[in-house]
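>>> Below is the sequence, then the predicted model.
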Amino acid sequence: MSHEGIRIVSADEAKRDAELARLPPEATSPQKIRVKKTEGTGVEIDWKDGHHSAWSFAWLRNGCPCATCHDEREKSGRKPGEAKPKPQTLLMMYEEPPRPVEVTPVGNYALKFKWNDGHEAGIYSWEYLRRVCRCAACQQKDNLL
């Protein structure tokens, strides 16, 4: 018996795959991109379908789509954008907030960040960014799925 073409996916992956399948090209094509590096606030994208998305740099760093970060999040049960839990200590050490040292476009399909913690493996595709939109409408839709 052949198992070619059979893929076992988690419920989250199935939900993500279904959501991606429903997105028309205008939904993953940016009309205007604003990377607010100087202000240190984050990224905003106006999509060709009229939708607006915004992410803080902290959220983007914690939502890095690279294989290492993705695997670590899956093992710990965190969602993209959720920070790692801090160890409980008597005196909390100051940790500089995540910020990009460098931001570069990757072709016509993504952004790549070099973070102040040295990490730079993640490629944030337009599809990924639209899928993890933080707006109220998208959050409500995610809660319904």
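Yes, it's here.

>>> make it CA atoms for all contacts and neighbour counts henceforth
OK.

>>> Pick out the residue closest to the middle of the chain.
Most central in the chain under Cα atoms, centre = their mean is Gly63, positioned 4.4 Å from the mean C-alpha point.

>>> list the contacts for it?
Counting by Cα atoms under 8 Å, 6 or more residues apart in numbering, Gly63 touches Cys69, Lys79, Pro80, Gly81, Glu82.

>>> Now the third one. Nearest residue, chain neighbours left out?
The one in question is Pro80. Nearest non-adjacent residue to Pro80, counting by Cα to Cα, 6 or more residues apart in numbering: Gly63, 4.1 Å away.

>>> just the second one next, same as before
Distance criterion Cα to Cα, 6+ apart; nearest residue to Lys79, sequence neighbours excluded, is Arg73 at 6.6 Å.

>>> and that neighbour, what helix or strand is that in?
Secondary structure from DSSP states H and E places Arg73 in helix 67-76.

>>> lowest-confidence helix or strand of this protein?
Least confident helix or strand of the chain, by mean pLDDT, DSSP states H and E, is helix 11-21 with a mean of 63.

>>> Quick check: which ranges of this structure have low pLDDT?
In the predicted model, the chain carries pLDDT under 70 at residues 1-20, 143-145.

>>> Repeat the analysis, applying 50 as the threshold.
1-2 (pLDDT under 50).

>>> Helices of that one, residue ranges please.
Here the chain has its helices, by DSSP state H, at 11-21, 57-62, 67-76, 126-131, 136-144.

>>> Tell me which of these sits nearest to Gln31.
Of all these, the one in closest proximity to Gln31, counting by Cα to Cα, is helix 126-131 (11.2 Å).
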